[in-house]
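> Whatever this is, show me its structure:
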Amino acid sequence: MKLSAHYNKASIIVSVSVLLISGVVYYLIINHIARQQLDNDLTEEVEEVIDYVNQNQRLPRSIDFDEDVTTFAKTKAQAFDTRFFDTPYNNPKEKKAEDGRAVSALIKVNGQGYIVTIVESREETEYLIQIISAITLALTAVLLCIMIVTNRFVLNGLWRPFYSILQQVKKFNVADTGKIATIGSTVDEFKDLSDAVAKMSSRVTTDYLGLKTFTENASHEMMTPLAVITSKLDILIQDEKLSPDQFAQITDIYSAASRLSRLNQSLLLLVKIDNNLLRDTEKINLRTVILDKGQQFHEMIHNKNIALDYQLNNFEVNASRYLIDVLVNNLFSNAIRHNKNAGRIEIRLSGNKLCFQNTGDPSPLDQDAIFERFYKGRNSDGTGLGLAIMKNICTLYDFSIGYQFNQGMHCFWVEFGQ
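Coordinates of the predicted model:
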């Protein structure tokens, strides 16, 4: 949920709660005021009855009252507290019962005590309260609608610079030459954010280009002396005057130089994958790539007397041909180098899932660390970057990669996107 939606939700909940509570309080206050007004009117009615009795020394007749219903009841009580209460009011004109408000008080006529009860209709007062409540609810609904519309359009307009900055950040690629542009805004916080992001992207791009240039130059400069070393060693190895001990030492040096060369190339490839510098995407038939690679590794497979079994369906994937070639190459190389003599390799491509199974070490590998850089098995003489490169290629294209050990077979599988 977006920040503006969270704000709208919170503001609407708070506003509705406040308006409802205010409406209830407002209704109670209006109702209290109306009741007090009725009680004051009834008090005046009682005072008028007392004045009439004092002047005429008799009880007034019912025709002396307007629309009030007044009754007199004899009593022997010498004291009586005046009280107000709700009671039905029988409307003499419309012949119906209505809600009413009454007062009872003690009066004396010629020494005889009477309880006078005056009942007055509350219908007009309640109607007035209903009108006021309806107006209040209508104003509340209008205010709520205005608030929703305001939050939807005005606040969305205020947040537009933020979303513009966010889109630029999402599209930002450190390998691109383009920089994040500053966004003009009347909101100081968004303006400061835009300036900070623009400066940060500029620094990141500059640092990346510097590191990229250094890496490429260092790799290139390393390859030249390595090529010279390898070339000289090739010549020395062919010298028939070498003693067996000298031949063994030169062979070790040659192996180390070759390994250093492979390590350099692997690290450079990892940098390119991590920064998405290989963008030559095309549709590739995996079955064709696997069969071609099988032919390339035929001699290595034959030398170790490995039985190779294919079960391949046609499946196409959109990716860099070079990276897919590296991925399949590493799967083959891993299955051959870590296999045993007279072992077997089973390659399955079903649907969008590719699985390389091979015999080898009878114990499983560490699944938590196997795809980490420079991780090696017990008998590995590689650079420790092959599986890490495979993992990075899969991460780049949102493929899934995993390892499992089942019935003495090591299985590396890749699940391609649809």
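
> and the closest residue to V16 other than its chain neighbours, which of the three is it?
Closest residue to V16 in three dimensions, ignoring its sequence neighbours and counting by Cβ to Cβ, 6 or more residues apart in numbering: L144, at 6.7 Å. (Each C-beta comes from the backbone N, C-alpha and C, glycine too.) Reducing the assignment to helix, strand or coil with DSSP: H, G, I helix; E, B strand; the rest coil, the entry for L144 is helix.

> Quick one: mean pLDDT over stretch 280-289.
Taken as a whole, stretch 280-289 has a mean pLDDT of 88.

> returning to that earlier point: please tell me how far the residue nearest to V16 sits from S15.
In this structure, L144 lies at 7 Å from S15, with Cβ to Cβ, to the nearest Å as the measure.

> List the buried residues for stretch 148-158?
Residues N151 are the ones in stretch 148-158 that count as buried (16 or more other Cβ atoms under 10 Å).

> Low-confidence ranges, the stretch 1-150 of the chain, go.
1-4, 62-67, 92-94 (pLDDT under 70).

> V119 belongs to a strand, doesn't it?
Yes: judged by three-state DSSP, V119 forms part of a strand.

> How much space separates I237 from N303?
Between I237 and N303 the distance, using Cβ to Cβ, works out to 20 Å.

> more neighbours, those two?
Neighbours of I237 and N303, each counted by other Cβ atoms under 10 Å, are more numerous for I237; the result is 14 against 10.

> so what's the more buried one closest to, chain neighbours aside?
Computed as Cβ to Cβ, 6+ apart, the closest residue to I237 that is not its neighbour in sequence is I250, at 5.8 Å.

> Pull the number of nearby residues for the one you found.
The criterion is other Cβ under 10 Å. On that basis, I250 has 17 neighbouring residues.

> Could you check how far it is from M223?
Between I250 and M223 the distance is 21 Å, computed by Cβ to Cβ.

> For D280, what are phi and psi?
Geometry field for D280 lists phi and psi as phi -80, psi 70, criterion degrees, to the nearest 10.

> Let me see the contact set for it.
Neighbouring residues of D280 by Cβ atoms under 8 Å, 6 or more residues apart in numbering: 320-322.

> any idea how far it is from N151?
47 Å.

> Report the secondary structure element holding R348.
When secondary structure is defined by DSSP states H and E, R348 falls within strand 344-350.

> Now do the next helix or strand along the chain from that strand: which elements does it pack against?
Past strand 344-350, heading to the C-terminal end, the next element that is a helix or strand (DSSP H and E) is strand 353-358. In this structure, strand 353-358 packs against helix 321-337, strand 344-350, strand 409-415, with contacts taken as 3 or more Cβ pairs under 8 Å, 6 or more residues apart in numbering; DSSP states H and E.

> What would strand 353-358 look like as CSV? C-alpha coordinates only.
What follows is the C-alpha trace of strand 353-358 in CSV, where atoms were taken according to Å, rounded to 0.1, in the frame of the first residue of the first chain:
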residue,chain,number,x,y,z
LYS,A,353,13.8,-27.3,-15.7
LEU,A,354,17.3,-28.5,-16.5
CYS,A,355,19.0,-31.1,-14.3
PHE,A,356,22.6,-32.4,-14.5
GLN,A,357,23.2,-35.5,-12.4
ASN,A,358,26.5,-37.2,-12.0
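
> So what touches that strand?
286, 290, 331-332, 334-336, 338-339, 343-349, 409-416.

> residues of it that come out buried?
Using 16+ other Cβ under 10 Å as the test for burial, strand 353-358 gives 354-358.

> Who are the packing partners of whichever helix or strand comes after it?
Stepping forward along the backbone from strand 353-358, the first helix or strand reached (DSSP H and E) is helix 386-396. Judged by 3+ Cβ pairs under 8 Å, 6+ apart, helix 386-396 is in contact with helix 244-274, helix 321-337, strand 400-406, strand 409-415.

> switch to 7 Å and redo it
Identification of packing neighbours for helix 386-396 by 3 or more Cβ pairs under 7 Å, 6 or more residues apart in numbering; DSSP states H and E yields helix 244-274, helix 321-337, strand 400-406.

> next SSE after the longest one?
Read that as helix 244-274. Moving toward the C-terminus from helix 244-274, the first helix or strand encountered (DSSP H and E) is strand 281-285.

> quick one: strands adjacent to that next one?
Within its sheet, and counting by DSSP bridges, strand 281-285 is paired with strand 316-320 (antiparallel).

> Compare the helices and strands packed on strand 353-358 and report which one is nearest to T82.
Proximity to T82, assessed across those by Cβ to Cβ, is greatest for strand 409-415 (89.0 Å).

> What are the contacting residues of the closest one?
Under the criterion Cβ atoms under 7 Å, 6 or more residues apart in numbering, residues 331, 334, 352-360, 365, 394, 399-404 lie in contact with strand 409-415.

> mind checking the SS state of D309?
Recorded secondary structure, D309: strand (three-state DSSP).

> quick one, domains of this structure?
When the chain is parsed into structural domains using automatic domain parsing, the resulting residue ranges are 3-133, 189-273, 280-415.

> Redo the ones you listed as a markdown table? Include distance to Q168.
Rendered in a markdown table, the data for the domains of the chain read as follows (distance: least, Cβ to Cβ, whole Å):
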| stretch | distance to Q168 |
| --- | --- |
| domain 3-133 | 17 |
| domain 189-273 | 7 |
| domain 280-415 | 22 |
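
> Give me whichever of these is most buried.
Ranked by average neighbour count under the criterion mean count of other Cβ atoms under 10 Å, the domains of the chain are headed by domain 280-415 at a mean of 16.
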